[in-house]
Structures are given as structure tokens and as C-alpha cells.
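**Student:** with the sequence up front, the predicted model follows.
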Amino acid sequence: MTGVAVIGTGYWGRNHVRTFCALRDEGLIEEVVICDSDEGRAANIASEFGCQYVTDAALLSSLNVSMVTIATPTPSHAELAISMMHEGLDVLVEKPLAMNIKEAVKIKTVAEETGRLLLVGHVFRHHAGVRKAAEMIRDGKLGPVRHIVSERLAVREPREDIGVIAALGIHDLDICTDILGGIRPVTMQGMASESEIKGIEDHADLLLEFPAGLNGEVGAMASIHLSWRSRIRGKVRSLEVVGRDGSLYVDYMDHSGIWFYSHPGNAHGAEFGGFGSAPRERIEIAISEPALTAELRDFILRSKGERNGITLNGVDVGIEGMRLVEDALRVTGFLLD
């Protein structure tokens, strides 16, 4: 069986359906099945993309389906993931993996007990620009990293299940640790403002400090700016990484390349007039596809046994992302121990 099901066809689930159908038309899978409790929505999307649909996830294991993605509201993730793995299906769960660490660890335990593949939807780990940035940092092209600025802004009504830190900030927290080689911040500070929904934050600023390098270099700092109230700039998805010798700029909405600014041995840029930016060059990425396509292609190939090795978005990545989110919620006062 090489069919895939998508449970939940809201905004992001619909993107799963669209992407899987493109991969079906490419011949990578045979069938796409939609599952949503809203029958009208499921029927409309199924008609648009040429899929079959069901309204009960318990029916999926009886269809031509061997893998499933879960794009429902976060409170339902644990129950659905566990039930699907018990039914013998491989699972990719959208981030955050669960509502809390206890649930996340239980999901991981079931994956180990059933032997099913379990991935978490940290889609920006598959972004071509992020992977290129991580490569350049690892190869020393920037020198020691001094600071990171990450912005993820939007205009939308607040969610009822999770706030902006868990919904958006989990990406930035994860990417900061990823591009720095998987190290955790040693300290975190932050502030957040509450939305109209009690206990749900819709704007936050986080400041992270990472450990010093083995060569005595100062540790990197990261500033993360998150908002669902971006009334002036609208949607923004950007990453700046400033090193001693060079800097990078990644626009997450641009999959074809990134910008590199060269300032060897001079982080302050005095050689460039003090106030101007350093000379820059465009680094094109020849082989690129949208991050969601790369992530779902990887899920299919791993489920089919055609790709092995370390994955970018395994369950431990999902659990660590949740730990970082809980740290951020704690320092902003939105998680009470």
C-alpha cells in the first residue's frame, strides 16, 4: 500500500492535501484520502483534488493507506497519533507534537512499542535556505556566530488551543538550536501579551543566550519576535545570522536562495563606513522545492523504506521543541509550574 491520509483539512491540512496530490500525480504515492469530521469541508476539498474522503479516522486502516499526517488542533494530536500507530500506520504529526511533554513522551513510547515511523512537522528544517545556512555556519563561513534575529509575524485571530509561542515561535526556537549544531540555550528571557482569549498570548519577544564556544568565543544571542498583530508589516518570515566574518539573511518565503554579507574579521563593519551594510552576494540554491514538499516527500520515502539515516524532524526533535516552548511560556508567565 502506498496511500496516505490527511487527518484535519483546515488551513494547514489543506496544504498537506494539495502537496500530497502533487506527489501522487508525480507517481510517488498511489492514493490520497482525506479525513475530517466536517463532512462538507472534506467533500469540497476531496472534489477539488480528486480524492476520497471519510469522516472517521478509525476507517483509515481499512483503506489503501499505510501512512497518515495529523493536522488537527493540538489537543487531539496525542490520541490520534497513538490510535493510528496501533492501527499499523506510520505517522507525521504537525507541531507541536502534543499539549505537554507527558503526552509527547507517551506518543514516542507507542512508536517504539509498535515499530511505526513517527515524525513531527517541523517544516522549516526542510527549507532549502535554512539547510544552506546551517551548512555555511558548520563550515565556518561566518566565523563564530554572534547573534541571530528571527521574526515570524502574521495578522490573524488568536487560536483557542495554543498561543503564538507554541504556534509560531516553536519554529524559531527550533531553527536557532538547529543551525547552531543542536545546542540548547543556557538562558532565556521574554515578555508576551495576552490576547482577547484568557491564557492565550498573541505577541511575544524572546531573548536566548547560547553557551560560549570551545575556543573562548562569546556565546551567540538570539532575539525572536513573534506576533499575530502585525498590522504594519503583515506577514514576515525572516532569519538573520550575524557572525564575526560574515552574515546571512534568509527570507522563508524565498526558496531559491539566501544573501551572504562578507565582513571578514570585523563584526562592526568600520571598513564599510561604519553605518552601511557589508558587501553582499546572492547564493542561489540550485535544487530546491517548497519546504512542505520536501518534508512530505521525506516522510513518504522513509515510510516506503527508500530513505534511511538521521531524519531532520524525528520525534526527539519534536519533544525538544516542546521543551523550548515550555521554557518560553514559563519565562513569559504563560506556563505556571
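**Tutor:** Alright, I've got the coordinates.
**Student:** tell me the span between the first and last residue of stretch 73-82.
**Tutor:** 15 Å (Cα to Cα, to the nearest Å).
**Student:** what mean pLDDT would you report for the helix of greatest length in the chain?
**Tutor:** The single longest helix within the chain, with elements called by DSSP state H, is helix 315-331. Throughout helix 315-331, pLDDT has a mean value of 97.
**Student:** so what touches it?
**Tutor:** 93, 95-98, 100-101, 104-105, 107-108, 111, 118-120, 122, 125, 163, 165-166, 169-170, 173-174, 177, 184-185, 188-190, 204, 206, 335, 337 (Cβ atoms under 8 Å, 6 or more residues apart in numbering). In this view, the C-beta of every residue, glycine as well, is placed from N, C-alpha and C.
**Student:** selecting buried members of the residues you listed in PyMOL, what would you type?
**Tutor:** Entered in PyMOL, the line below selects the buried ones among the contacts of helix 315-331, by 16 or more other Cβ atoms under 10 Å:
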select buried, resi 93+95+96+97+98+104+107+108+111+118+119+120+122+125+163+165+166+169+170+173+174+177+184+185+188+190+204+206+335
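**Student:** so of the contacts of helix 315-331, which ones are in helices?
**Tutor:** I101, A104, V105, I107, K108, A111, I170, L173, D174, T177.
**Student:** in this structure the fourth one contacts N100, no?
**Tutor:** No: the pair formed by I107 and N100 falls short of the contact definition of Cβ atoms under 8 Å, at 11.2 Å.
**Student:** pull the CA atoms of the longest helix of the chain into CSV?
**Tutor:** Extracted in CSV, the C-alpha atoms of helix 315-331 (Å, rounded to 0.1, in the frame of the first residue of the first chain):
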residue,chain,number,x,y,z
VAL,A,315,10.2,12.6,17.4
ASP,A,316,13.1,13.7,19.6
VAL,A,317,13.2,17.0,17.6
GLY,A,318,9.5,17.4,18.4
ILE,A,319,9.9,16.7,22.1
GLU,A,320,12.9,19.1,22.3
GLY,A,321,10.9,21.8,20.5
MET,A,322,8.1,21.4,23.1
ARG,A,323,10.7,21.7,25.9
LEU,A,324,11.9,25.0,24.4
VAL,A,325,8.3,26.2,24.1
GLU,A,326,7.5,25.3,27.7
ASP,A,327,10.7,27.3,28.7
ALA,A,328,9.4,30.3,26.7
LEU,A,329,5.9,30.1,28.2
ARG,A,330,7.4,29.8,31.7
VAL,A,331,9.6,32.9,31.4
